[in-house]
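>>> Need a 3D model of the following:
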Amino acid sequence: MFTIHGIARDSFGWALKASDQATVVVRQNGVVIAEAAVDERPRAGENFRLQLPMDTNPADPYRTGAQTTGTLLSIEVRFPNATLPVSSLTASSRTVGQPAGSSFIDFTIGADTDGDGIPDSWEWWQLGEAGIGPGDPRWSLATLGGGDFDQDGTSDHIEYLAGTFAFLNSETLALKITGWHEDGSALLSAFVVVDKTYRVEFSADLKDWTRTDVRQDSPTAQAQTTFTAADTREVSLYSPASIGRTNLFYRLVLVR
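Numbers count the residues shown, from 1 in each chain. Here you go, the predicted model:
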């Protein structure tokens, strides 16, 4: 089997959930060859996973739908009342790879007419929230998507994925070291968005990164390798990775 797994997002960048009753469908030459229900609960960092049967003899496959290395695939998302195409997609591979291999895919459903990787509906919504409307020269899809509209150091595309506002420089995906607890734990500060999932990693050389458990808001809270924000706010995170160590770098990773 070849495994395809990843994150299916709605047009506003939010990862779909099991409650959306969505199914990721994979086709080859228009024929459905695999499908899987969206479910964010089994594994952190993905909400769908499906497997494709593979065969090394394309002239006489052992079963219908068996694929060979290099076959191009198409993906869509089926809901109870509609089936929607993918508008933007990033993938480790857009073809079937080697048997027992896998490909991680992160995609969005919804129209993206300017091809910047961000659905039009999110861009129009952001412009409206920024007070930009018809008649304003900035009322255009070209205003967002290609840069950093609020100049906060986070690109519009990352703001879209992170669930932050592209016109508010007070909201950005970032992590700061603000101090140390008496036990040596690093005290970190991060702005998080409700329902988004994160993890923290550390490095001594900015090359090799290691995940670290963190405790939210209290050094005695339960340690978590990944955590999902319960609301949108600035949170304090305690990392034991710094205990007995110096000169560590930290980064915040958006899992989904």
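>>> The top helix by length along the chain: which residues count as buried?
Ranked by residue count, the top helix of the chain under DSSP state H comes out as helix 120-129. In terms of neighbour count (16 or more other C-beta atoms under 10 Å), helix 120-129 has its buried residues at 120, 122-124, 126-127. C-beta here means a position set from N, CA and C on the backbone, and glycine is covered the same way.
>>> Also stretch 6-20?
Within stretch 6-20, the residues scored as buried using 16+ other C-beta under 10 Å are 6-11, 13-17, 20.
>>> Same question for stretch 40-59.
With burial defined by 16+ other C-beta under 10 Å, the residues of stretch 40-59 counted as buried are 40, 45-48, 50, 52-54.
>>> circling back: dump the buried residues of stretch 6-20 to CSV, plus pLDDT and distance to residue 212.
Conversion of the buried residues of stretch 6-20 to CSV gives the following (pLDDT from 0 to 100; distance: C-beta to C-beta, whole Å):
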residue, pLDDT, distance to residue 212
6, 93, 24
7, 92, 23
8, 93, 28
9, 89, 27
10, 88, 31
11, 82, 34
13, 79, 26
14, 84, 26
15, 88, 23
16, 93, 29
17, 93, 27
20, 95, 32
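>>> Break down the stretch 151-256 of the chain into its strands, ranges please.
175-180, 186-192, 197-203, 210-212, 215-216, 226-228, 233-239, 249-254 (DSSP state E, counting those that start in this stretch).
>>> Mind giving me the packing neighbours of the shortest one?
Same thing as strand 215-216. strand 233-239 (3 or more C-beta pairs under 8 Å, 6 or more residues apart in numbering; DSSP states H and E).
>>> ok, now which ones touch residue 89?
Residues in contact with residue 89, defined by C-beta atoms under 8 Å, 6 or more residues apart in numbering, are 75, 105-108.
>>> Not counting its own residues, what contacts stretch 225-235?
The list of residues contacting stretch 225-235 from outside it, by C-beta under 8 Å, 6+ apart, reads 44-45, 163, 189-199, 211-214, 216-217, 255.
>>> Any stretches of the stretch 151-256 of the chain with poor pLDDT?
Low-confidence segments of the stretch 151-256 of the chain, defined by pLDDT under 70, are absent; every residue clears the threshold.
>>> Return the entry from the contacts of residue 89 with the maximum number of neighbours.
Taking other C-beta atoms under 10 Å to define a neighbour, the member of these with the most is residue 108, carrying 25 neighbours.
>>> That one and residue 13, how far apart?
With distances defined as C-beta to C-beta, to the nearest Å, the gap from residue 108 to residue 13 amounts to 7 Å.
>>> again, but for residue 131
Distance from residue 131 to residue 13, counting by C-beta to C-beta: 21 Å.
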